[in-house]
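Novice: sequence first, then the predicted structure:
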Amino acid sequence: MSKKGTSERDYQLALMRRAGNARAVISPPRVARKPRTIEAKPVRHIDTRMYQAAKASRLTAGFGTSTTSADLELQTSLTNLRNRCRALVRDAGYAKRAKVVVQNNVIGSGIGMQAQVMSTRDELREDLNDAIEEAWGEWACGEYCHSGGAMHFADIERFLMGQVFEAGEIFVRKHYRRFGDSEIPFALELIESERVPHEFMTPMPGAMIAPGVMVKMGIEQDRYGRAIAYYIRQRHPGEAWIIPGESDMVERVPADQILHLRLVDRWPQTRGEPWMHTAARKLNDMDGYSEAEIVAARAAATTVFTIETADENSPLAGQPGSGTDASSGPISKELVVEEGMGLRLAPGEEWKTHSPNRPNTALDPFMRYMLREMAAGVGVSYESLSRDYSQSNYSSSRLALLDDRDLWRMLQQWFLRNCRVPLHKDWLQAAVLSRAIPAIRVEEYASDRRKFEAVLFKPRGWGWIDPTKEVEAYEKAVNAGFTTRADVIASTADGRDIEDIDRQRARELKNEEQLQLEFTTSPSFYTKKSEPAKTQSTDPGSTTQDGAPPGDGGDKSTKSGPPLRAVSFPAR
């Protein structure tokens, strides 16, 4: 009865509608499906590959695995870390030595400055450059450049580098006012890191924080980490004396008045970490171990011998005797023996001599090992830190010295970028606007500041390691065009530049000429040595060795052509 193309289900629904039961739905009979069978397969164990340093075991229970930022780690450790490093520099000889090594190699006696103002013809403006350098030299004295009036600018540079090593950072506040009789209204205030409280965090009572701005470890920053202001205590938290007019209140100083010198290892990193943070514990262990060895040596040298008795209840053991004479009194347990003196023992006593085993023979190699680890943590060579060259030869010492100089050059450039360049710009602006450099007109300076801010800094260089070989190598490099005299002088002349060397050389030659002095370096000396030697006479009457005139073939050894000239090179 079903129509073509109509399913059985549709046919039954049509019948139900006719019967008036349209809500009922009749489902077609379900066909029993064959149950599926799942084959059980053995699960193969796959070992998870990991880095060896990341695996957890009982041997790595104390290995740090926390995920923290640089600021969080410094927030919890900065106070103790800074105090302990300061204590090591104050009390431990090697820590003090490491600080001095860094100061001597990065700063030395001070970083020189040479103005490089150029003319439109690409020539140095000697008048302007000399005026800038003269004004800088006058301002750099302690009375003018330091707010406290005690430190010359070269001393300030050494202090800044020493604080970066010891405390991890240092703050410099620029004061635009005159100190003493200075003509330039500009001076520097040195602020130790303790005066910037790292516990100051957002939110702060009464602080007007803009959207995206927060105070982190005492420094107000924007959302990108740029410093907006610094919160500085008016007095050092560890100061024992209270200066009238000062309190422990915190002052907000705009960031354009502050130089914050620190080495950044991780970003964002708000505060600096002390340079000795990896070697401080080892150095403290070395100090404690050496003290223990000294105590043990003194104790071993104190007890030289002992006397043992057979019975502790015997009168010989120091107990009172039964007699009434003097010999029956208490016996002293301490006995002093002089040189060349014999001692008769009582019956039952036994003499035992103790040989001290101090100083410990293993002390020297162990301390050298510890010192090498400390030198690696600080970043200097073992020879420079310990001044011990007995364990190295010339080649290894030279290699270590060259490796150290690479580090010093990097730190010198870091110091120039972060300290000297911005300070020079601020100082020059204050000097020009105050008319302390009359040679520079304010209008000309305002129209092109970069022209007058051009400067060449002269950090300290290092002397020759092997003068004979290195001077010859530099000479060949200059002659071949691989380098210049200016570069060689800058790296070896201890902060002087080529202009200083040439001017000093010209004055020296002029003085020699006036006093009629002659040395092997005098032009008159090596000019004589470079004169051509006298050649063989070619007069018509002259003859050769066999009596024939020259050139007639009589002398087979005579060569045709112009006579040879003997040439000698100038002495270097």
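Specialist: Received it, and whenever you're ready, just let me know what you need.
Novice: what's around residue 119, how many residues?
Specialist: Neighbour count for residue 119, taken as other Cβ atoms under 10 Å: 11. All C-beta spots, glycine's among them, are computed from the backbone N, C-alpha and C.
Novice: please report how far the residue nearest to it when sequence neighbours are not counted lies from residue 149.
Specialist: Leaving aside its sequence neighbours, residue 119 sits nearest to residue 125 (Cβ to Cβ, 6 or more residues apart in numbering; 5.3 Å). Per Cβ to Cβ, to the nearest Å, residue 125 is found 33 Å from residue 149.
Novice: of those two, who's got more company?
Specialist: residue 125 (19 against 13).
Novice: and that one, what does it touch?
Specialist: Each residue near residue 125 by Cβ atoms under 8 Å, 6 or more residues apart in numbering is listed here: 117, 118, 119.
Novice: would TSV of the residues you listed with secondary structure be doable?
Specialist: Below are the contacts of residue 125 laid out as TSV (DSSP: H, G, I helix; E, B strand; the rest coil):
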residue	secondary structure
117	coil
118	strand
119	coil
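Novice: show me how far stretch 501-508 is from its chain's centre.
Specialist: In terms of Cα atoms, centre = their mean, to the nearest Å, the centre of stretch 501-508 is found 35 Å from the chain centre.
Novice: quick revisit: of all the contacts of residue 125, which comes closest to residue 177?
Specialist: Nearest to residue 177 out of these is residue 117 (Cβ to Cβ; 26.8 Å).
Novice: residue 450: what secondary structure?
Specialist: Quick answer, by three-state DSSP: residue 450 is helix.
Novice: give me the distance between it and residue 197.
Specialist: 38 Å.
Novice: one more: residue 94?
Specialist: 31 Å.
Novice: those two: who's more crowded?
Specialist: Neighbour count, other Cβ under 10 Å: between residue 94 and residue 197, residue 94 has more, with 21 against 15.
Novice: show me what the strand or helix carrying the more buried one is packed against.
Specialist: Residue 94 is located in helix 93-106, with elements delineated by DSSP states H and E. Packed against helix 93-106 by the contact rule (3 or more Cβ pairs under 8 Å, 6 or more residues apart in numbering; DSSP states H and E) you find helix 70-91, helix 153-166, helix 280-302, helix 363-378, helix 382-386, helix 394-415.
Novice: most neighbours per residue, which of these?
Specialist: Highest mean neighbour count of the helices and strands packed on helix 93-106: helix 153-166, a mean of 21 (counted as mean count of other Cβ atoms under 10 Å).
Novice: which other helices and strands contact it?
Specialist: Where contact means 3+ Cβ pairs under 8 Å, 6+ apart, helix 153-166 is packed against helix 70-91, helix 93-106, helix 142-145, strand 169-175, strand 187-191, strand 258-262, helix 394-415.
Novice: circling back: just the buried residues of the helix holding residue 94, please?
Specialist: Neighbour-count burial for helix 93-106 flags 94, 95, 97, 98, 99, 101, 102, 103, 105, 106 (criterion: 16 or more other Cβ atoms under 10 Å).
Novice: measure how far whichever helix or strand comes after it is from the centre of its chain, please.
Specialist: With elements assigned by DSSP H and E, the helix or strand that comes after helix 93-106 is strand 112-115. In this view, strand 112-115 has its centroid 23 Å away from the chain centroid, taken as Cα atoms, centre = their mean.
Novice: buried residues in the helix or strand just after strand 112-115?
Specialist: Following strand 112-115 in sequence order, the next helix or strand is helix 126-139 (DSSP H and E). Residues of helix 126-139 classed as buried by neighbour count (16+ other Cβ under 10 Å): 128, 129, 131, 132, 135, 136, 139.
Novice: quick one: residue 428 and residue 451 touch, right?
Specialist: No: contact criterion Cβ atoms under 8 Å: residue 428 and residue 451 do not qualify, at 11.2 Å.
Novice: ok, these two, which is more surrounded?
Specialist: Taking neighbours as other Cβ under 10 Å, residue 428 and residue 451 compare with residue 428 leading, 24 against 16.
Novice: am I right that the more buried one sits in a helix?
Specialist: Yes: secondary structure of residue 428 (three-state DSSP): part of a helix.
Novice: chain neighbours aside, what residue packs nearest to it?
Specialist: Once flanking residues are discounted, residue 428 sits nearest to residue 453: 6.0 Å by Cβ to Cβ, 6+ apart.
Novice: confidence score at the one you found?
Specialist: Per-residue pLDDT puts residue 453 at 94.
Novice: check residue 55 too.
Specialist: 81.
Novice: that one: neighbour count?
Specialist: Counted with other Cβ under 10 Å, residue 55 comes out at 11.
Novice: residue 490 now?
Specialist: Neighbours of residue 490 under the rule other Cβ under 10 Å: 17.
Novice: before we move on, what about residue 346?
Specialist: 12.
Novice: confirm it sits in a helix?
Specialist: No: in this structure, residue 346 is coil, not part of a helix, as judged by three-state DSSP.
Novice: phi, psi of it?
Specialist: phi -80, psi 160 (degrees, to the nearest 10).
Novice: list the buried ones in stretch 349-361?
Specialist: Applying 16+ other Cβ under 10 Å to stretch 349-361 flags no residue as buried.
Novice: tell me the mean pLDDT for that stretch?
Specialist: 73.
Novice: check the offset of it from the chain's centre.
Specialist: 47 Å.
Novice: repeat for stretch 137-154
Specialist: 25 Å.
Novice: what lies in contact with that stretch?
Specialist: 107, 109-111, 155-156, 159, 175, 179-184, 186-190, 427, 431, 436.
Novice: if we go to 6 Å?
Specialist: Identification of contacts with stretch 137-154 by Cβ atoms under 6 Å, 6 or more residues apart in numbering yields 110, 175, 180, 182, 184, 187, 189.
Novice: please apply the same query to stretch 76-85.
Specialist: The contact list for stretch 76-85, computed with Cβ under 6 Å, 6+ apart, reads 166, 167, 198, 274, 276, 277, 280.
Novice: and the residues you listed, which is closest to residue 502?
Specialist: residue 166 (40.1 Å).
Novice: per-residue confidence for the closest residue in space to that closest one that isn't next to it in sequence?
Specialist: Leaving aside its sequence neighbours, residue 166 sits nearest to residue 89 (Cβ to Cβ, 6+ apart; 5.2 Å). Looking at residue 89, its pLDDT is 93.
Novice: shaky segments in the stretch 1-150 of the chain?
Specialist: Residue ranges of the stretch 1-150 of the chain with pLDDT under 70: 1-9, 11-48.
Novice: if you set the cut-off to 80 instead, what comes out?
Specialist: Applying pLDDT under 80 to the stretch 1-150 of the chain flags residues 1-50, 61-62, 64-66.
Novice: picking that back up, could you dump the contacts of stretch 137-154 to JSON lines with distance to residue 224 and neighbour count?
Specialist: Output for the contacts of stretch 137-154, formatted as JSON lines (distance: Cβ to Cβ, whole Å; neighbours: other Cβ atoms under 10 Å):
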{"residue": "110", "distance to residue 224": "35", "neighbour count": "18"}
{"residue": "175", "distance to residue 224": "28", "neighbour count": "13"}
{"residue": "180", "distance to residue 224": "40", "neighbour count": "12"}
{"residue": "182", "distance to residue 224": "37", "neighbour count": "19"}
{"residue": "184", "distance to residue 224": "34", "neighbour count": "24"}
{"residue": "187", "distance to residue 224": "31", "neighbour count": "24"}
{"residue": "189", "distance to residue 224": "27", "neighbour count": "15"}
